[in-house]
Structures are given as C-alpha cells and as structure tokens.
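*Asks:* A predicted structure for the sequence below; I have some questions about it.
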Amino acid sequence: EQDEKPKTHVAIIGAGIGGTSAGYWLKHYLNDSVAITIYESGQTGGRLKTVNVDGNEYEAGGSIIHDKNLYMKRFTDELGLKRLNVPSSMSYITTNDGSHTLFSTLSRFIPDIFIILWRYGFDAVRLKFWLGNKLSNFVRIYDYQDNGRTFQTVDEFLQMLDQEFSQSTQTSFRKYLNEKGFGKLFIDELAQMAALVNYDQSVDSMNAFPGLVSLMASGSTLWHVKGGNYLVPKQLLDRLLKQSDVQYVNGRVKSIAEVHRKDADDQGGNIRLSYQPANSELVHAVDYDYVIVAFPLHRDNRNDFVIQTTDLFNQYDYRMQLTHASFLSGKLNCQIYNLTTSECQRLNAIFYTNPSLPYRSVSQLQTVNDAKGKLPKTVYKVFSPEKLSTSDYKRIFEDDDKFQLLEDIPWLAYPKYDYPQKVPPIEINSNTFYVNAMEWSASCMEIEAISARNVAMLITKKLGVPLKRSDKHVEF
Ligand SMILES: CC(C)=CCC/C(C)=C/CC/C(C)=C/CSC[C@H](N)C(=O)O
C-alpha cells in the first residue's frame, strides 16, 4: 500500500529471558509497526537450562523466582505454564570449615524459627521487617513502568526505587549490614550463606545490592516453572514467531557498526549487523534501526564480537563469575559432622560459609516436574567456583565409591560484583541498547525482564509513539 508507514527494524541478539522479553514488550508497544529479528548462536533460554538425570529434569541455571516477581509471573500465566513452589522446609547445616556444624535446622522437636531466633536473636526479626520494607520499594517499579516511566541508567533505576539501593552499590555487603546494625554472627553466617549460594561471592567481596537481592531469596516464598524455567523464554520466542514480521536466526553475530548514509534517499537502518548462520562459512550483513544486545558483554567474550561502544562502556573491564554446578547421586557424608542416622536422613543441604573452601553449597534437588509416581533418585547439586576433584567430592559424599558425578556445568553465571560498583550504560551506542547492563546491579530473571521492558519503552519513546498504558494492571 502507498501510504503504509515503513516498519522499524529491530535486531535482538540473544534468546534468553532478556532478549525474548524485549521482543514481548516491543510487540506490546509497537505491534505491527515493528519487525524483529532474534539472533541466537546457542540454545534458547541462555542461562536458563535443565539437566536430565534418568528421565527427570533438574534446574541447572537460574532456578528460583520470588513471589513478588510480577513479570515472571505474568509470562508464566500468559503462556499457560504452571508455577511450582519451592518447598520452604529444608533441613540444612552451615559449616565454616567443612567439618564442624555452625548452625543446624535438623531438630525434629524445635521449629526452625526458634533455632534461628536463638542464634541470631533480634537480627532475624529486624531482617524480616527491613526486607519487607525494601521489597515494597522495589515493587514500585511495576507501577512506574505501567505509567510509562523509563530510566537511562542503572543508577537512575535504583534511585527511583529507593535512594538506599543506589547507595548500597558503593559499599561492601559486610560494611552495609554492619552500618545497619546487624551483628557479626548474622553477617558471617546468614548473609554470607545467602551471598555465596546465590552469587558465589562473599559479603566482603561484593557490594550490598546483590547482597540484598540474595537475602530476598532466603526466607521468602519462591517458585519455579513446572517443566523448567527455560520454558518461559522458549515459549515467549515461539509466541513471537507466530506474530507478523518476527524472524529467528540461528547464527553468530560477528559485528554491529554504524552506517553513515550519504544519500538521503538511501533507505535502511543505520546499524549494520553482520552474522554467520550456523553451519555456514558465509557472513551476511543486514541493516537495522535499533539493536538490542541481550547477553552479557564481558572481558572474556569482548573479542568475539565487534561492537562500537561509547567511552562510558569502554572505560571499565566487566567480568563474570565462573561457577560450576555439578550434579551427583550418592549419600552425604554425615560422619564428618557427627550427625545421627536420623539427622542424616533429614539433611537436605550443606552451606559453607568460608569462601576459601572449594565448595559453596550442596543441596538435594527437586525435579522440575511435580514428581508423582516413580520416585526419582536422590540428586544433589554442588556449587563451586572451580571444577572439583574426586577428593573434594569424597569429603561431601560417603567415601564408598558409590557416589556418581552425573554432570558438571561451568557457567559464567553472574557478573563479578565489586564496590563501588561500576555499571555499564543502557544505551551502549547510538540506538544500540544493552538489556544485560542491569544485571550489573544484581543478576536474576526478573531484573532482566524489567530491563527488557525499559529498553522497549526507550525505543518506543525515541520513535515518538505514545506508550500505551499497561492493559493489565499488575496485582501486588
Ligand atoms: C532488592 C530487593 C529488596 C528486592 C529484589 C526483588 C527481587 C528481584 C527478588 C529476586 C530474589 C531472587 C529469587 C534472587 C535469585 S538470585 C540468583 C539465583 N541464584 C538464581 O537461581 O537465579
């Protein structure tokens, strides 16, 4: 048709939760006026993935979602997926040296709440109220975004929710908690356990914002997606591909660069993207109006991908934390902790609070399906910063050679946090947006989804298209 407006062409690089939810929000705001191409060189889902053990699936990457993470809830519900709650009663011990128990919830007679109060006293009570207040500030984001509010920087996002979120990125998690009046025992044990298990980083090495997020993950109602969290990005992608002008390219993006057009009649976007399709030697080039980078850019992959970025991006060396998730079957070594047979039977997890030990945690896994019928074998997930040796495993599992290493997955799992935290810009070059910039505040599925909506809104605003208010008012 003569007067049909030209479409806006957007490339999304990465089909994880950030990329697929960016596609979701772009279609939400721009409908048929946007044409989207999603590039993915690996598996859909990015760092959301399951492993299969004897026909049962277990979460291997991002595994838990908070009850108040409303975008993950919205996607799960809209896609017709089911939410399964993570069981709140888990019997665990914490240890600092890998052989003595610091703290245990193994008692059959005393409820966990009393054990926690006995050891951490008023700090445990204060934590609950303080985090409740911080969470109500965090969830303001949904109202802000429903009302069309965007942010240009990660810090603007933190400041608009709570001044303290922004301040917390400037100081170590330990110092922050200390200044808030939390005691040493609470910091060395509870906060350390949350920081190490969620981000494989300690209260001394990381800043307090990811610390706060990791504390939010302990002691709250958590859930995961039945069948696997990866089903959210997978099905968001499937749904996008059914809409007009959405394409998927299985291939590796090699570069993105600005195109300077001399001739005003020369049509086409100003960003040239070059990619190599899977199983092909040929490199193709396509021009786009906007590019959304939806995977983490860091020191170890910067040379695989040529991209012009502003000085603001180039001045820091962003790094990721390598974490191994290994899956084993076997029996936990309870002797080392002098546990009775019945305590040993109840033990589901061990948390190590000393960051110089080779492991962070061992926890008994649930299958991602509600296991009705045949009882799956007991599978444990061990988190460690490096690949573990057989002798490391022999300290965790009974040394009768009956434990079995089923799989070991090394992940560049989350950014390496620091203080004061340096964060990348959201617009890394003109019309090139970086969804994963936000994970340098704290990495989790919901923050990616929030970032993706922000980027979609920034593009919509740049195009001068009025932002439609959310058709569904989110419930708290
Ligand atoms: C900062 C405050 C007060 C709230 C943040 C709310 C929020 C985004 C909660 C998410 C908590 C959560 C489930 C964190 C998981 S951390 C990464 C984890 N290891 C994973 O499995 O993905």
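*Replies:* That came through, no problem.

*Asks:* any idea of the pLDDT on the residue of the stretch 201-350 of the chain found nearest the ligand?
*Replies:* With Cβ to the nearest ligand atom as the measure, the residue in the stretch 201-350 of the chain that lies nearest the ligand is Ala217; the distance is 3.7 Å. All C-beta spots, glycine's among them, are computed from the backbone N, C-alpha and C. pLDDT, the model's per-residue confidence, is 90 for Ala217.

*Asks:* just checking, it touches His66?
*Replies:* Yes: here Ala217 lies in contact with His66, judged by Cβ atoms under 8 Å, at a distance of 6.8 Å.

*Asks:* Now list whatever residues contact both of these two.
*Replies:* With contacts taken as Cβ atoms under 8 Å, 6 or more residues apart in numbering, Ala217 and His66 have no neighbour in common.

*Asks:* out of the two, which sits in the busier spot?
*Replies:* Shown here are Ala217 and His66; by other Cβ atoms under 10 Å, His66 has more neighbours (21 against 18).

*Asks:* so what's the backbone phi/psi at that one?
*Replies:* Summarising the backbone geometry of His66 under the convention degrees, to the nearest 10, its torsions are phi -80, psi 150.

*Asks:* one step back: residues contacting the residue of the stretch 201-350 of the chain closest to the ligand?
*Replies:* 64, 66, 194, 198.

*Asks:* For the stretch 1-150 of the chain, what lies in contact range of the ligand?
*Replies:* Taking Cβ under 6 Å from any ligand atom as the test, the list of the stretch 1-150 of the chain residues beside the ligand reads 62-66, 69, 134-135, 138.

*Asks:* Next, work out how far apart the residue of the stretch 201-350 of the chain closest to the ligand and Leu131 are.
*Replies:* Here the distance between Ala217 and Leu131 works out to 11 Å (Cβ to Cβ, to the nearest Å).

*Asks:* Tell me if I am right that Phe103 is in a strand.
*Replies:* Yes: the secondary structure assignment for Phe103 places it in a strand, going by DSSP: H, G, I helix; E, B strand; the rest coil.

*Asks:* Could you measure from it over to Gln345?
*Replies:* When Cβ to Cβ is applied, the distance between Phe103 and Gln345 equals 19 Å.

*Asks:* In terms of neighbours, single out the busier of the two.
*Replies:* Looking at Phe103 and Gln345 with other Cβ under 10 Å, you find the greater number of neighbours at Phe103, namely 20 against 12.

*Asks:* Quick check, pLDDT for the nearest residue to Leu106 once chain neighbours are set aside.
*Replies:* With Cβ to Cβ, 6 or more residues apart in numbering as the criterion, Leu106 has its nearest non-adjacent residue at 4.5 Å, and that residue is Glu343. For Glu343, the pLDDT comes out at 93.

*Asks:* For Glu343, pull up the helix or strand it's in.
*Replies:* Assigned by DSSP states H and E, Glu343 belongs to helix 341-346.

*Asks:* wait, does the helix or strand just after that helix make contact with the ligand?
*Replies:* Taking DSSP H and E as the definition, the helix or strand that follows helix 341-346 towards the C-terminus is strand 349-352. No: figure legend: strand 349-352 not in contact with the ligand (Cβ under 6 Å from any ligand atom); closest approach 13.2 Å.

*Asks:* Show me what strand 349-352 is in contact with.
*Replies:* For strand 349-352, the external contacting residues (Cβ under 8 Å, 6+ apart) are 90-96, 98, 193, 196-197, 332, 359-364, 396.

*Asks:* Quick check: buried residues in whichever helix or strand comes after it?
*Replies:* Scanning forward in sequence from strand 349-352 by DSSP H and E, the next helix or strand is strand 361-364. Within strand 361-364, the residues that qualify as buried are 361-363, counting by 16 or more other Cβ atoms under 10 Å.

*Asks:* Switch those residues over to TSV; also include pLDDT and distance to the ligand.
*Replies:* Output for the buried residues of strand 361-364, formatted as TSV (pLDDT from 0 to 100; distance: Cβ to the nearest ligand atom, whole Å):
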residue	pLDDT	distance to the ligand
Ser361	96	10
Val362	97	15
Ser363	94	12
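
*Asks:* Can I get the buried part of the residues of the stretch 1-150 of the chain next to the ligand as one PyMOL selection?
*Replies:* The following PyMOL selection, which keeps only the buried ones among these, applies the criterion 16+ other Cβ under 10 Å:
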select buried, resi 62+63+64+65+66+69+134+138
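
*Asks:* what about the nearest residue to Leu190 once chain neighbours are set aside, how many neighbours?
*Replies:* Once its chain neighbours are removed from consideration, Leu190 has its nearest residue in Tyr120; the separation is 6.3 Å (Cβ to Cβ, 6+ apart). Counted with other Cβ under 10 Å, residues neighbouring Tyr120 total 19.

*Asks:* Please apply the same query to Phe151.
*Replies:* Counted with other Cβ under 10 Å, residues neighbouring Phe151 total 22.

*Asks:* any idea how far it is from Gln167?
*Replies:* Counting by Cβ to Cβ - Phe151 and Gln167 are separated by 17 Å.

*Asks:* Please apply the same query to Val232.
*Replies:* Counting by Cβ to Cβ, the separation of Val232 from Gln167 is 32 Å.

*Asks:* got the residue ranges for the helices in the stretch 51-200 of the chain?
*Replies:* When secondary structure is read from DSSP state H, counting those that start in this stretch, the stretch 51-200 of the chain shows helices at 70-78, 112-120, 122-138, 140-146, 154-161, 163-168, 173-179, 184-185, 192-199.

*Asks:* Of all the residues in the first one, which ones are buried?
*Replies:* Translated: helix 70-78. Under the neighbour-count criterion of 16+ other Cβ under 10 Å, helix 70-78 has 70-76 buried.

*Asks:* And the last one, by the same measure?
*Replies:* Of the residues in helix 192-199, 192-199 count as buried by neighbour count, 16+ other Cβ under 10 Å.

*Asks:* which one of those residues sits closest to the ligand?
*Replies:* The ligand has its nearest neighbour among the buried residues of helix 192-199 in Asn198, at 4.1 Å by Cβ to the nearest ligand atom.

*Asks:* Pretty sure Gly211 is one of the things the closest one touches, is it not?
*Replies:* No: under the contact definition of Cβ under 8 Å, Asn198 does not touch Gly211, with a separation of 9.1 Å.

*Asks:* Turn the contacts of Ala217 into JSON lines, including pLDDT.
*Replies:* Converted to JSON lines, the contacts of Ala217 look like this (pLDDT from 0 to 100):
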{"residue": "Ile64", "pLDDT": "96"}
{"residue": "His66", "pLDDT": "97"}
{"residue": "Ala194", "pLDDT": "96"}
{"residue": "Asn198", "pLDDT": "96"}
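
*Asks:* And the residues you listed, which is closest to Phe157?
*Replies:* Proximity of the contacts of Ala217 to Phe157 (Cβ to Cβ) peaks at His66, which lies at 17.3 Å.

*Asks:* wouldn't that closest one be in contact with Leu215 here?
*Replies:* No: contact between His66 and Leu215 fails when scored by Cβ under 8 Å: they sit 11.3 Å apart.

*Asks:* ok, the nearest residue to Phe165 once chain neighbours are set aside - how many residues close by?
*Replies:* If you skip the residues right next to it in sequence, Phe165 has Leu158 as its closest partner in space, 4.0 Å away by Cβ to Cβ, 6+ apart. The burial metric for Leu158, expressed as a neighbour count using other Cβ under 10 Å, is 24.
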